[in-house]
Every structure is written in C-alpha cells, then in structure tokens.
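**Student:** Provided below are the primary sequence and the corresponding predicted coordinates.
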Amino acid sequence: MDFKLKGGMPGMPQLPTQLPTLLFVLGGAVCAFGCLLLVYEWLLRWLVAGVFLVVGCLLLMTAMRAKRMLG
C-alpha cells in the first residue's frame, strides 16, 4: 500500500496544476463582464432575452421530439 503524503489525502483526487490559472482567467473575465454591464445596461436586457429564447427553443425541440416518439 503506497500513500502519497505530498499529494493530499489518500483516495482523494489531486487538483490539476492549471487550476489556479484557469480560475484567475475566469475570475478576470467575469469581473470585466460585470464592468461592461455597469457601463452598458442594455446588454443585460439582451442577455436575459437571449437566455429566454434559448430555453424556449430547447423546450420546443424537446416537445417536438416527444411528440414524434409518441406517434
């Protein structure tokens, strides 16, 4: 039985080495997007409308497939 004491607790998955860089990039992108929303408030309106359009289209496609499966 081999225990890696440097890598964390046994049985737990190890963290990827690129995780801090990925989190910094995502955090910076989210902060920049928040600043854009503060300056351009119409962007939020378009984003919310786009989310509703995507969800509505997914529901319609699911309904069409269900109708085709049921006959």
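**Tutor:** Cool, the structure landed. Numbers count the residues shown, from 1 in each chain.
**Student:** which one's the longest helix in the protein?
**Tutor:** Longest helix in the chain, counting residues (DSSP state H): helix 42-70.
**Student:** same for that one, what does it pack against?
**Tutor:** Taking 3 or more CB pairs under 8 Å, 6 or more residues apart in numbering; DSSP states H and E as contact, the helices and strands that helix 42-70 lies on are helix 19-39. Glycine gets a C-beta too; all of them are placed from N, C-alpha and C.
**Student:** which other helices and strands contact the helix it packs on?
**Tutor:** Checking 3+ CB pairs under 8 Å, 6+ apart, helix 19-39 ends up next to helix 42-70.
**Student:** list the buried residues of the longest helix of the chain.
**Tutor:** Buried residues in helix 42-70, counted by 16 or more other CB atoms under 10 Å: none are found.
**Student:** now the angle between helix 19-39 and it, please.
**Tutor:** Helix 42-70 runs at 110 degrees relative to helix 19-39, counting by axes from the mean of the first three to the mean of the last three CA atoms, to 10 degrees.
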